[in-house]
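[1] need coordinates for the following:
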Amino acid sequence: MRLVIYVLAVLLVAVTVTMLAVEDPGYVLVVRPPWSIELPLTLFSVFMVAAFVAAYVGGRILTRALRLPRGVSLWRERRLGVKSRTAMVEGLTHLASGEWDKAEADLLEGLKFSEAPYINYLALALACQGQGNKTRRDEYLAQAHKASPEDSLAISMTQGLLQYLAHQKEQALATLTALHNRAPDHKYVLQLLMETYLDLRDWTGLAMLLPDLRRHRVMSDDRLKDVELTVHRELLNLSLPSGSLDVLRQAWNSMPKHLHQNAELIATYAGKLIEQGEGNEAESILRTAIGREWHENLVALYGRAHATQIGRQLETAKSWRTTHSDSPALFLALGSLALENGATEQALDYLQRSISLKPNRAAYRELGRAYERVGNAEDAMASYRKGMEIEQI
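    Numbering: from 1, shown residues only. Presented below is the predicted three-dimensional model:
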């Protein structure tokens, strides 16, 4: 449409000029002493238009010629950019299929004109990890940091993950700890840090991380409860080698209050108190826990927590028979306490009742001790032998 308008306009101008030229052609006089040139106006107009067209065309040709090197350069960059992206895509494809050496070669080729070279370097680090070459992997990670410092969080995240997957737990811990300091709310950092602490059995570090894990809901409630229980159970177990009762109590008191009602942790703590000779404290904790909720393992442990007033402890255990007359753990505890209180014949009855309800190694061991007290070595040895032949409850 524009072309038609332009053609019509040109024709209109030409017709107008022609009509004016027919009526009064006029002339143009150019004087340059000692010469002068006289031309019809129409011819001069044709010359001027031709000169303008020639100047315009010449200018365009000159401009294009001057821009040619830049144009060639841009064309070459676009071509190389396409080639670089193609190589990167092929490299990522080989990476996904586990062809590590091919992936590295393609990614290096795509690195030359990459718009985001740190992505290539991260993929190269993954390829080297697949090849088991940790040294070259770390070199690529360093290059990624250098190429894009502003993306150091993503790069460090990849570095920590690769170190963790390569079982470089200490290095992963250092990387992830630094990341956690920079991004304390990052869920995946928290998750990896938790897994690293678990692998390293760093229960103190994991205990300090638990509030963050709970606040940011990094895992399900059930998983968090399992981790929390494991942490505090292991901390109780770790406190014993120091031989310090204060350390043991500190481990117990530092736990969240709701865990003080957990039967497994109560059993662990009470067992350590018994080993430290703190029977009174162990008896008090176990009596309170059993009164709150009946647990066979706590009841059996109660028989080993020899308090100063063993007679009163024995009476407490007897009072439980009214509601738990079929509990093998209760009769085991009664037998142990009676034996400790000097009532050997009574202990024999209790222990035999426990075994009749459910044979178990601990009851046979206590029964053997009771037989030894009355001088029956043969039955004592038979009890010990039977105890060794069955699984412990």
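[2] hey, where'd the helices end up in the stretch 201-350 of the chain?
    203-215, 221-239, 245-253, 263-275, 279-292, 296-302, 310-319, 328-340, 344-357 (DSSP state H, counting those that start in this stretch).
[3] out of those, which gets nearest to residue 148?
    The closest of the helices of the stretch 201-350 of the chain to residue 148 is helix 203-215. By Cβ to Cβ, the value is 28.0 Å. C-beta: built from backbone N, CA, C; applies to glycine.
[4] which elements pack onto the closest one?
    Applying 3 or more Cβ pairs under 8 Å, 6 or more residues apart in numbering; DSSP states H and E, one finds that helix 203-215 contacts helix 187-200, helix 221-239.
[5] report the angle between it and helix 245-253.
    10 degrees (axes from the mean of the first three to the mean of the last three Cα atoms, to 10 degrees).
[6] show me the contact partners of helix 203-215.
    184, 190, 193-194, 197-198, 218-219, 224, 227-228, 231-232, 234-235, 238, 254 (Cβ atoms under 8 Å, 6 or more residues apart in numbering).
[7] sorry, back to before: mean neighbour count, distance to residue 125 and mean pLDDT added to the helices of the stretch 201-350 of the chain, as a markdown table?
    Output for the helices of the stretch 201-350 of the chain, formatted as a markdown table (neighbours: other Cβ atoms under 10 Å; distance: least, Cβ to Cβ, whole Å; pLDDT from 0 to 100):
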| stretch | mean neighbour count | distance to residue 125 | mean pLDDT |
| --- | --- | --- | --- |
| helix 203-215 | 16 | 26 | 94 |
| helix 221-239 | 17 | 30 | 90 |
| helix 245-253 | 16 | 41 | 88 |
| helix 263-275 | 20 | 43 | 93 |
| helix 279-292 | 19 | 52 | 95 |
| helix 296-302 | 23 | 50 | 95 |
| helix 310-319 | 16 | 64 | 94 |
| helix 328-340 | 26 | 56 | 95 |
| helix 344-357 | 19 | 62 | 94 |
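[8] any chance of the ones you listed in JSON lines with distance to residue 93 as columns?
    Formatted as JSON lines, those follow (distance: least, Cβ to Cβ, whole Å):
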{"stretch": "helix 203-215", "distance to residue 93": "37"}
{"stretch": "helix 221-239", "distance to residue 93": "35"}
{"stretch": "helix 245-253", "distance to residue 93": "52"}
{"stretch": "helix 263-275", "distance to residue 93": "50"}
{"stretch": "helix 279-292", "distance to residue 93": "60"}
{"stretch": "helix 296-302", "distance to residue 93": "56"}
{"stretch": "helix 310-319", "distance to residue 93": "71"}
{"stretch": "helix 328-340", "distance to residue 93": "62"}
{"stretch": "helix 344-357", "distance to residue 93": "66"}
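[9] for residue 113, which of those helices is the nearest?
    Closest among the helices of the stretch 201-350 of the chain, using Cβ to Cβ: helix 203-215, at 42.4 Å.
[10] and the angle from the closest one to helix 221-239?
    Going by the same axes, to 10 degrees, helix 203-215 makes 160 degrees with helix 221-239.
[11] and the residue nearest in space to the middle of the chain, what does it touch?
    For the chain, residue 192 is the residue whose C-alpha lies nearest the centre (Cα atoms, centre = their mean; 2.7 Å). Residue 192 makes contacts with 160-161, 164, 172, 176, as judged by Cβ under 8 Å, 6+ apart.
[12] sitting in helices, which of these do you find?
    Secondary structure defined by DSSP state H assigns 160-161, 164, 172, 176 of these to helices.
[13] of all pairs in these, which one is the farthest apart?
    161 and 176 (8.9 Å).
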